[in-house]
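A.B. asks: One predicted model, sequence on top.
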Amino acid sequence: MAARLEASLAVLAAYLVIGTALAVWTRRFLGPRWAAREYYVAGGRMGGFLAAMTYAATTYSAFMIVGLVGFSYFTGVGAEGFELSYFTATMALLAWLSRRAWRLSRERGWVTPSGMLSDLYGSRAVGAVAAALYLVALIPYAAGQLKGIGEALAGLAGGSRGYYEAGIILALAVMLAWSLVAGMWSVAVTDALQGLIMLGAAVGLLAWVWARVAGGAGWHGVTKALESVGLLGLGGHWPLPRFIAFITPWVFFAVTNPQVVQRLYIARDEAALAGMVRGFGFFGILYTILVTLTGLLARAGSTLGILPLKPHGIDSVTPDLIALAHPALTALVFTSIVAAAVSTADSILLTITSTTERDLVPGRESHLRGIAAALAVAAAMAVVAWLRVSYIVALAVTSSVLLLPLAPPTIAALATGKRLPAPTALASILAGTTLNAALIAAWGPKAPLTQAPLHIPAPLLVLTVSTIPLAIPGALKTQPLTPEKHT
């Protein structure tokens, strides 16, 4: 145990030194220090490889290497279906809307997703409401990243007191530093490093588990073991209402989560944008298969007695698994967990800074306000992670449920590419947000994923309520966009 912990901390230290050096080095790419479009979206000058890696690393977080491995271990192939529904929907949405979003961002000078909504609906109030929603809704998702690092460090230390909390503090310091040194440039370049580490570690972990489990029992033995515990179908672990509740917010992730929407503005040309989408597609399908198969093989190995695993919860599967591996592999996977978590959390903090600075208070920009908001959100997500209120997958999906009311007005605006009535967007966002608030007030913070009012899974009901204002006759009456840019 001590050898694994020491090796992991040594590799982590090397990674942090390299990552910090890269983050500082990227300052040379900046134009004027606080030129907002340069700082927050790289001036729309990023090439396809960096754009693809930052989109992928921002999307695939500790949710995957910690959360989804454990989710697959406990709930079976339904977890893979859940994640593939996200991947398929995201590729479809990017194919449909990314080019228009990119083109308009260059024409209109967009910096933030909330600013985009303000421009397309001709009202800064729309952007202010969206920015306020980001501040609250992204806390669970970001907290899941801290939790992933804390669980991994605690697992390596054998559950010793204080390591979980130390992991949270370490993660906070790194993500704050890397997100603020050079804005999008520092985040994107460190994301590229992190994405490569994530893929390499996932391949190594799967290869090791495959050799231990499939090599000993054969593929037939693996499938029989999984079948014996009911993990090869959508049975008791995935009743249809639960499956719908989880995938509904997930399939709209690409248009509701501002940290990924903002990345549609960074490509330098259409070729780079296409490269971003293709690169994300390759990374996404490969990484999804790697982590879900790892979780399924680990469960088969545990069932067959090949792997002595007795995880106490979903988020402890990966830490328990790497505690059995060679110290070199343990160190690589542990570092990849930190990389995956930091890549998402620092993107969230950068987005929070930009939207709060520019859009939260209509007509008044303040970089200090943006920094203060990022620090406040960082503190809030640390508290949520510290309290271990839920497992990582649930935290991530909860954030997406809270952001779900943004899906209908965002899709409507980008699909038309024209000015739409502001009252429509406000009614849509506020209707869904009010329903989410009512569910939480009545049944607690887990209500959006556990309740089914009128026998309809809560996320599907939220989506329906948010769509109704757009279906009223005349609600989507379009006008040409004015020449003025929203910058």
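C.D. replies: Yep, it's here.

A.B. asks: make it CA atoms for all contacts and neighbour counts henceforth
C.D. replies: Noted.

A.B. asks: what about the stretch 351-487 of the chain, any weak spots by pLDDT?
C.D. replies: 362-365, 484-487 (pLDDT under 70).

A.B. asks: Can you dump the C-alpha atoms of stretch 181-191 in CSV for me?
C.D. replies: Extracted in CSV, the C-alpha atoms of stretch 181-191 (Å, rounded to 0.1, in the frame of the first residue of the first chain):
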residue,chain,number,x,y,z
VAL,A,181,-3.3,31.6,-15.6
ALA,A,182,-4.1,32.1,-19.3
GLY,A,183,-7.8,31.4,-19.6
MET,A,184,-8.9,29.1,-22.4
TRP,A,185,-5.4,28.6,-23.7
SER,A,186,-4.1,27.3,-20.4
VAL,A,187,-7.1,25.1,-20.0
ALA,A,188,-6.9,23.7,-23.6
VAL,A,189,-3.2,22.9,-23.5
THR,A,190,-3.4,21.2,-20.1
ASP,A,191,-6.5,19.4,-21.3
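
A.B. asks: Quick check: which helices or strands does the one helix or strand Arg242 maps to pack against?
C.D. replies: Using DSSP states H and E, Arg242 falls within helix 240-250. Judged by 3 or more CA pairs under 8 Å, 6 or more residues apart in numbering; DSSP states H and E, the packing partners of helix 240-250 are helix 77-108, helix 392-403, helix 447-450, helix 458-471.

A.B. asks: would you turn those helices into JSON lines with mean neighbour count and distance to Ser8?
C.D. replies: What follows is the helices and strands packed on helix 240-250, written out as JSON lines (neighbours: other CA atoms under 10 Å; distance: least, CA to CA, whole Å):
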{"stretch": "helix 77-108", "mean neighbour count": "19", "distance to Ser8": "29"}
{"stretch": "helix 392-403", "mean neighbour count": "25", "distance to Ser8": "22"}
{"stretch": "helix 447-450", "mean neighbour count": "22", "distance to Ser8": "35"}
{"stretch": "helix 458-471", "mean neighbour count": "22", "distance to Ser8": "40"}
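
A.B. asks: who wins for proximity to Gly144 among the ones you listed?
C.D. replies: helix 392-403 (4.8 Å; CA to CA).

A.B. asks: Run the chain-centre distance for the helix holding Arg242.
C.D. replies: Between the centre of helix 240-250 and the centre of its host chain there is 17 Å, according to CA atoms, centre = their mean, to the nearest Å.

A.B. asks: Same question for stretch 14-30.
C.D. replies: In terms of CA atoms, centre = their mean, the centre of stretch 14-30 is found 23 Å from the chain centre.

A.B. asks: Buried residues, it. List them.
C.D. replies: 15-16, 19-20, 22-23, 26-27, 30 (16 or more other CA atoms under 10 Å).

A.B. asks: try stretch 433-453
C.D. replies: For stretch 433-453, the neighbour count (16+ other CA under 10 Å) marks 433, 435-436, 439, 445, 447-452 as buried.

A.B. asks: which residues sit in contact with Ile352?
C.D. replies: 131, 134-135, 370, 373-374 (CA atoms under 8 Å, 6 or more residues apart in numbering).

A.B. asks: In helices, which of those residues appear?
C.D. replies: 131, 134-135, 370, 373-374 (DSSP state H).

A.B. asks: need those in CSV with distance to Ala207, can you?
C.D. replies: Shown next, in CSV, are the ones in helices among the contacts of Ile352 (distance: CA to CA, whole Å):
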residue, distance to Ala207
Ala131, 43
Tyr134, 39
Leu135, 40
Gly370, 44
Ala373, 42
Ala374, 39
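
A.B. asks: Of those, which is the nearest to Met91?
C.D. replies: When the ones in helices among the contacts of Ile352 are ranked by distance to Met91 (CA to CA), Tyr134 comes first, at 23.1 Å.

A.B. asks: ok, now how distant is that closest one from Ile468?
C.D. replies: 22 Å (CA to CA, to the nearest Å).

A.B. asks: Which of the helices or strands spans Ala380?
C.D. replies: Here Ala380 sits within helix 367-387, counting by DSSP H and E.

A.B. asks: List the neighbours of that helix that are in contact with it.
C.D. replies: 135, 139-140, 142-144, 146-147, 165, 168-169, 172, 349-350, 352-358.

A.B. asks: Among those residues, which ones are in strands?
C.D. replies: Among the contacts of helix 367-387, none falls in strands (DSSP state E).

A.B. asks: Could you pull up the contacting residues of Ala395?
C.D. replies: Quick fix: residue 395 is Leu, not Ala. By CA under 8 Å, 6+ apart, Leu395 lies in contact with 140-141, 143-144.

A.B. asks: Thr318 - nearest residue in space that isn't next to it in sequence?
C.D. replies: Nearest residue to Thr318 in three dimensions, chain neighbours excluded: Val66, at 5.5 Å (CA to CA, 6 or more residues apart in numbering).

A.B. asks: Tyr141 against Ala396, yeah?
C.D. replies: Yes: assessed by CA atoms under 8 Å, Tyr141 is found in contact with Ala396 at 4.3 Å.

A.B. asks: on that earlier part again, what's the angle from the helix holding Ala380 to helix 392-403?
C.D. replies: Here helix 367-387 runs at an angle of 140 degrees relative to helix 392-403 (axes from the mean of the first three to the mean of the last three CA atoms, to 10 degrees).

A.B. asks: Restricted to buried residues, select the contacts of helix 367-387 in ChimeraX.
C.D. replies: Remark: buried members of the contacts of helix 367-387, expressed as a ChimeraX selection using 16+ other CA under 10 Å:
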select :135,139,140,142,143,144,146,147,165,168,169,172,349,350,352,353,354,355,356,357,358
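
A.B. asks: how near is the residue nearest to Thr318 to Ile392?
C.D. replies: 8 Å.

A.B. asks: again, but for Leu9
C.D. replies: 23 Å.

A.B. asks: need the contact list for Ser399.
C.D. replies: So Ser399 contacts 137-141 (CA under 8 Å, 6+ apart).

A.B. asks: Just give the nearest non-adjacent residue to it, would you?
C.D. replies: In space, Ser399 is closest to Ala137, 5.0 Å off (CA to CA, 6+ apart).

A.B. asks: That neighbour is in contact with Leu403, isn't it?
C.D. replies: Yes: using CA under 8 Å, Ala137 is in contact with Leu403, at 6.2 Å.

A.B. asks: Could you name the helices and strands sitting against the helix or strand where the residue nearest to Ser399 lies?
C.D. replies: Secondary structure from DSSP H and E places Ala137 in helix 124-156. Packed against helix 124-156 by the contact rule (3+ CA pairs under 8 Å, 6+ apart) you find helix 62, helix 113-121, helix 163-180, helix 317-322, helix 327-358, helix 367-387, helix 392-403, helix 422-443.
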